[in-house]
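Visitor: return atomic coordinates for the entry below.
(chains A, B and C)
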Amino acid sequence: MRIMGLSLAAGVAVAVSAISPADSATLRWAFQGQLNALDPYTLNETFTLGQLGNVYEGLTRRGPDLEIEPALAESWEIIEPTRWRFHLRQGVKFHNGNDFNADDVVFSAERVQSQNSDLKTRLPGDVKVEKVDDHTVDFVLSQPNPILHYEWDTWYIMDKEWSEENGATEVVSASDRSDNRAAFETNGTGPYTIDSHEPGVRTVFKANPDWWDEIEGNIEEVVFTPISQDSTRVAALLSGEVDLVDPVPVQDVARVEQNPNTDALTGPELRTIFLGFNSMDDELSSSDIKGENPFKDARVRKALYQAIDIEAIKQKVMRGMSEPSALLISPLLYDRAGEFERHAYDPEAAMQLLEEAGYGDGFTVTMDCPNDRYVNDEAICQAVASMVAKIGVRIDLNAQPKAQYFGKVLATGGYDTDFYLLGWTPSSMDSYNIFANLSGCRDETGKGSPFNLGGWCNEKVDELAGQVLTENDPDKRNELIFEAFSIMHDEVSHIPLHQQSLAWGKSTKLDLVQRADNQVLFKWMTLSE
Amino acid sequence: MAGYILRRLVQSIVVMLAVGLIAFMMFRYIGDPVNQMVGVDTTPEQRAALRERLGLNDPMIVQYARYMWNAAQFKFGTSYQFKEPVAQLIASRLPATLELSIVSALFALLVGVPMGVYTGINRNSWLSKVFMTVSLVGISLPTFLIGILLIFVFSVHLHLLPSFGRGQVVDLGFWRTGLLTGSGLKALIMPAITLGLFQMTLIMRLVRSEMLEVLRTDYIKFARARGLSRRAINFSHALKNTLIPVITITGLQLGSIIAFAIITETVFQWPGMGLLFLQAVQNVDIPIMAAYLLLIAFLFVLINLVVDILYTVVDPRVRVDGGASA
Amino acid sequence: MSETRQIAPDERRGILARSLDSDLLHSFLASKVTVLAAIVTAVFFLGALLAPLIAPHDPFDLRQISIMDSLVPPAWSDMGDPRFLLGTDDQGRDILSAIMYGARISLAVGFCSVILAAIIGITLGLVAGYVGGFTDTVIMRIADVQLTFPAILIALLINGSVHAVMDVTREQSAFWVLVVSIGLSFWVQYARTVRGSTLVERNREYVQAARVIGVHPIRIMIRHVLPNVMGPVLVIATINLALAIITEATLSFLGVGIPPTQPSLGTLIRIGQDFLFSGEWWITIFPGFALAALVLAVNLLGDWLRDALNPKLR
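Guide: Model (predicted):
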């Protein structure tokens, strides 16, 4: 949490340093992607949920340091290990004037668990929701779960009456032919309302004067435009046409900082970028080694690990804007991450390992890589290809746009990859998410850990993961996690690379809070004259 | 005459069906739309269910027939990304692209024709050679680089012109125009030049060679012999003969301008159909892609048809000659 | 793009035969611009052809490039490195070598797609013009459909579908995707031109006579009709070569070009434009300059060829 303290300080500085904040201001901001359907359960994606977080609220929310705070629930208690009681905030109104009450929570719980919802993981299917009275709701679990509410800051509560009136009781899905207003209109309880929304063109937000809490900044109106081209987006910031852009390409950070009217705001992101191996199949389809799979041998995996000069990638590809990582999870999300150290960069040792494993002459393999998903993803893959070439592993790089890339490497493409680069943010901000998604054993259809693309499998790790899920004591839980991560580290289940940095570019007139989950929240922004 | 037009109409419909089929078949393979519609941690079962609901498991011919039948009624389905009817999306993006395309075509004509005339008449003057060479630069650099260099100079350094978007637009109810506001016009300058440069070069060179041809014909030589002034010959005789093919070509190029707008719109974040299409390709938004291609094909077939029919009306010989071969 | 339509077919007689004529040589030498263009083109061809022998580095060999050499400015600037005359890119590749190898790929894409377009176009044009009737109608309608799909659209479509149909990586497929999509979008011009000439030739007495004495139609087309259309075809091909190289560059911007592990000129420019604002201008400006020079020179040669082959303009 040490680094997030900085951004908190920046947030606090708002009140002190912004000498002449305008009474009310219009923020113009641009992001690389577009804001599409407005239904908060349609797409489980950081940016969309972040923008909707200005409009909708969950029972909980997260503060500038990502600490969980009460929001629509004023407080909660675990009255039995499997029964959580939430006391709802009273006097809260939706934007259309309807009252917020327990019925809305029960309705939203059903809706988020319904078939079309992309956010089913927010609330396990076996959780029952019971209304106690108008402002009290119980959640009944089938087994204890200490992290039940960890992702609820992005499980937004919708108005039952409004949804029924507007044909929005079901989640908007792609096949939707009905007149479901939730796709284009919003009715939340949050600090901003959506005034107009042209998907892919622009979206206008207006401050909600009746919000139950106080907007700390002075932003009255927000005009959001998607700008997909990096250079155009940077140009728009430099020329003063927008006040905030996300992201600034790493190579342009210095330029944005030099410009007298703009600043770059950087900080570590929660997403971890890593490489994975196909260690499941008996033969790598893309390799010249036939009849055996070199990646089944931990020495080969470690050889590749040690062939990668992560500092060079940090300096040259990421221009210092990355934090090399020894784990698949950000140190911000796991207290004992500091106890792990990366296997050292050592090409000699790497060649030695390959020799021992019987691949002294090296081998060929195809590497799958997205080229429009993560910061400099393709450049990282190129650098890796060039580094491992020096120990004799010859890589055919197959870098593609994310649509084709994910279509190939995910379950729907039959996990068709031998060596890949992927990024992962645990949406619950907790290590268990890693075991559940990335490192558990899986079968061909993806049962088990669906995003363990290479199918690495270790029964001990799976067993530990099961214990982590139900362990309530934080220290014991951390110890179990530590054990599991140690095995993954020693066995080189994956090659963790780094946490990439957030890089926002902003006008010097703008003060804001930058949170590590990369949500752009207007309520903490102040634009001075 | 009516028979000829009817036959061309039928051919046009066949062309549209063919375009529809090609487009549809390719789209079927372009990527997995399901991946784009859900977050990355959606389970395989949920994905399969969605696939079934979208009808992606039906036989190809069924999907195609369903699509064309709906398209004939202007029902292009719902965009996977936006969850909005595609017809509505395209209608809202069409004005931006058409304004950009037409303005850039006008730019190409208004600059290209005079330059072409000049270089045609003064074939060997040094200014002609400068024009010829400079105009080639317009087709020697890729469009996207020209756009980015323009932004670099005029937005970032000189702060003169906006780097993205359409500026202030005025809603006329059925059409949102950027032509009525100062910021809208300013926003149009760089994209229109970027898009029109290529066509301008083309037109200039076309006019030049037409002029060269026409000036050599007996008819002009005769006019010259009659003692008509050079100016009168150049403008009232030669240019007039030149313009018919030029206008035809420009008309036919309109389709390709709209297609090339994909790049310009991407560079300048111009909220038109090209940008919509490229984003649709990146996100495998099949309904938008299919509708866009059909629309381009429709515009093209329409222009072709009009040109053909006009020719028939103007020049009856085409009917006899073309009847056998066209 | 129909620049050649104004050359009436009957004036194209024997153009190829005359091409070695001193007239042509004379007109070539008379134009300094043309001579310069020819020299530039020749330098590019040689540089591209001999790149493996004369380039200072091999930018495609991953073992030779090191990320630690990346972003080195040109040798004459303060931070420059004498090993890299024009500096290095973001992966540590020598820009000069990358341009030579890149030109090789760009030219290869250009030539292959032009040849493909010419083969398709000439064949279909000959058949349409010679056979006529329904065949002609079908071919010309296909040409209409084809014109609806500019190279950009075709490339986006083919690129997307090729991976689903065939198990190839982008590295393996990109080259042929480009060749096929550019080739497919260019053939119509050849077909229309050739068809026009064929319609005229078909009714000439010597062709009629050949037909009467029973010469095979394919032989007639190849022996009598084809030579007469080679002049305009050559002009179209030259201009298309330039256009194909530019189109390849444009497509790399849309993400369907040659992948950056073995970059073409277009790919180099596309990569480089990301570094324009951050001050590493050499990554995009040098390849951009090289591309512009190459395309300009080829275009100028095309211009000259067109004027020179058009007897009216002599």
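Visitor: tell me if stretch C:81-96 is near chain B.
Guide: No. Stretch C:81-96 stays clear of chain B (C-beta under 8 Å from any C-beta of the partner chain), getting no nearer than 15.9 Å. Bear in mind the C-beta positions are built from the backbone N, C-alpha and C, glycine included.
Visitor: what's the closest non-adjacent residue to residue 55?
Guide: Here I'm looking at chain A. residue A:188 (4.3 Å; C-beta to C-beta, 6 or more residues apart in numbering or on different chains).
Visitor: oops, wrong one, chain B.
Guide: Using C-beta to C-beta, 6+ apart, the nearest residue to residue B:55 is residue B:63, at 6.4 Å.
Visitor: low-scoring stretches of chain C, by residue?
Guide: Where chain C drops to pLDDT under 70, the residues are C:1-24, C:148, C:160-161, C:163-171, C:310-314.
Visitor: which residue lies nearest the spatial centre of it?
Guide: Centroid check for chain C by C-alpha atoms, centre = their mean gives residue C:241 as the closest residue, at 2.2 Å.
Visitor: show me which residues of the stretch 401-529 of chain A sit near chain C.
Guide: A:401, A:404, A:408.
Visitor: tell me, which of those residues make contact with chain B?
Guide: Answer for those near chain B (C-beta under 8 Å from any C-beta): A:401, A:404.
Visitor: looking at the residues of the stretch 401-529 of chain A next to chain C, which are in helices?
Guide: A:404, A:408 (DSSP state H).
Visitor: just the buried positions in stretch A:264-272, please.
Guide: A:264, A:265, A:266, A:267, A:268, A:269, A:270, A:271, A:272 (16 or more other C-beta atoms under 10 Å in any protein chain shown).
Visitor: export these to JSON lines and tack on distance to chain B?
Guide: Formatted as JSON lines, the buried residues of stretch A:264-272 follow (distance: C-beta to the nearest C-beta, whole Å):
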{"residue": "A:264", "distance to chain B": "16"}
{"residue": "A:265", "distance to chain B": "20"}
{"residue": "A:266", "distance to chain B": "21"}
{"residue": "A:267", "distance to chain B": "23"}
{"residue": "A:268", "distance to chain B": "21"}
{"residue": "A:269", "distance to chain B": "16"}
{"residue": "A:270", "distance to chain B": "14"}
{"residue": "A:271", "distance to chain B": "11"}
{"residue": "A:272", "distance to chain B": "14"}
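Visitor: out of the residues you listed, who's nearest residue C:276?
Guide: When these are compared for distance to residue C:276 (C-beta to C-beta), residue A:264 wins out at 17.4 Å.
Visitor: surely the closest one meets residue A:253?
Guide: Yes. If you go by C-beta atoms under 8 Å, residue A:264 and residue A:253 touch, sitting 4.5 Å apart.
Visitor: any residues in contact with both of the two?
Guide: A:503, A:505 (C-beta atoms under 8 Å, 6 or more residues apart in numbering or on different chains).
Visitor: in chain C, which spans are helices?
Guide: Using DSSP H, helices in chain C cover C:15-18, C:22-30, C:32-49, C:51-54, C:95-131, C:133-148, C:151-165, C:170-202, C:205-212, C:217-220, C:226-253, C:265-273, C:282-309.
Visitor: endpoints of stretch B:265-281, how far apart?
Guide: 14 Å (C-alpha to C-alpha, to the nearest Å).
Visitor: is that stretch in proximity to chain C?
Guide: Yes. Against chain C, stretch B:265-281 shows contacts by C-beta under 8 Å from any C-beta at B:266, B:278, B:281.
Visitor: so that stretch, near chain A or not?
Guide: Yes. Contact of stretch B:265-281 with chain A (C-beta under 8 Å from any C-beta) involves B:266, B:267, B:268, B:269, B:271, B:275, B:276, B:279.
Visitor: which one of these is nearest residue C:137?
Guide: Nearest member of the residues of stretch B:265-281 next to chain A to residue C:137, counting by C-beta to C-beta, is residue B:276, at 34.6 Å.
Visitor: quick one, what contacts that closest one?
Guide: A:200, B:89, B:90, B:93, B:288, B:292.
Visitor: doesn't it lie inside a strand?
Guide: No. Counting by DSSP: H, G, I helix; E, B strand; the rest coil, residue B:276 falls outside a strand, being helix.
Visitor: any figure for the gap between it and residue C:78?
Guide: 46 Å (C-beta to C-beta, to the nearest Å).
Visitor: could you do residue C:286 as well?
Guide: Relative to residue C:78, residue C:286 is positioned 18 Å away (C-beta to C-beta).
Visitor: tell me the one of the residues of stretch B:265-281 next to chain A nearest residue A:414?
Guide: Distances from residue A:414 to those, taken by C-beta to C-beta, are shortest for residue B:279, at 27.1 Å.
Visitor: list the contacts of the closest residue to that closest one other than its chain neighbours.
Guide: Leaving aside its chain neighbours, residue B:279 sits nearest to residue A:200 (6.4 Å; criterion: C-beta to C-beta, 6+ apart). Counting by C-beta under 8 Å, 6+ apart, residue A:200 touches A:34, A:36, A:226, B:81, B:82, B:271, B:275, B:276, B:279.
Visitor: same question for residue B:183.
Guide: B:162, B:167, B:168.
Visitor: the second one: neighbouring residues, count only.
Guide: Meaning residue B:167. Neighbour count of residue B:167, defined by other C-beta atoms under 10 Å in any protein chain shown: 16.
Visitor: that one against residue B:186, yeah?
Guide: Yes. Using C-beta under 8 Å, residue B:167 is in contact with residue B:186, at 6.2 Å.
Visitor: out of the helices of chain C, deepest packed?
Guide: Highest mean neighbour count among the helices of chain C (mean count of other C-beta atoms under 10 Å in any protein chain shown): helix C:265-273, with a mean of 28.
Visitor: elements contacting it?
Guide: Applying 3 or more C-beta pairs under 8 Å, 6 or more residues apart in numbering or on different chains; DSSP states H and E, we find helix C:265-273 packed against helix B:143-150, helix C:95-131, helix C:226-253, helix C:282-309.
Visitor: distance to chain A added to those helices, as TSV?
Guide: Listed next are these as TSV, based on distance: least, C-beta to the nearest C-beta, whole Å:
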stretch	distance to chain A
helix B:143-150	5
helix C:95-131	13
helix C:226-253	10
helix C:282-309	10
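Visitor: tell me how far residue A:47 lies from chain B.
Guide: 11 Å (C-beta to the nearest C-beta, to the nearest Å).
Visitor: now stretch A:72-91: buried residues?
Guide: By neighbour count on 16+ other C-beta under 10 Å, the buried set for stretch A:72-91 is A:72, A:73, A:76, A:82, A:84, A:85, A:86, A:87, A:88, A:89.
Visitor: those in strands, which ones?
Guide: With DSSP state E as the criterion, strands contain A:73, A:76, A:84, A:85, A:86, A:87, A:88 from among the buried residues of stretch A:72-91.
Visitor: can you pick out the most distant pair from those?
Guide: Spanning the widest gap among these are A:84 and A:88, at 13.1 Å by C-beta to C-beta.
Visitor: in chain B, what helix or strand scores lowest on average pLDDT?
Guide: helix B:317-325 (a mean of 41; mean pLDDT, DSSP states H and E).
Visitor: need the residues of the stretch 151-300 of chain A near chain C, please.
Guide: Taking C-beta under 8 Å from any C-beta as the contact definition, the stretch 151-300 of chain A meets chain C at A:230, A:231, A:234, A:235, A:238, A:249, A:251, A:252, A:254, A:255, A:286.
Visitor: near chain B, list only the ones from those residues.
Guide: A:231, A:235, A:238.
Visitor: the residue of chain A found nearest chain B and residue A:122, how far apart?
Guide: Residue of chain A nearest chain B, by C-beta to the nearest C-beta: residue A:44 (2.9 Å). Relative to residue A:122, residue A:44 is positioned 9 Å away (criterion: C-beta to C-beta).
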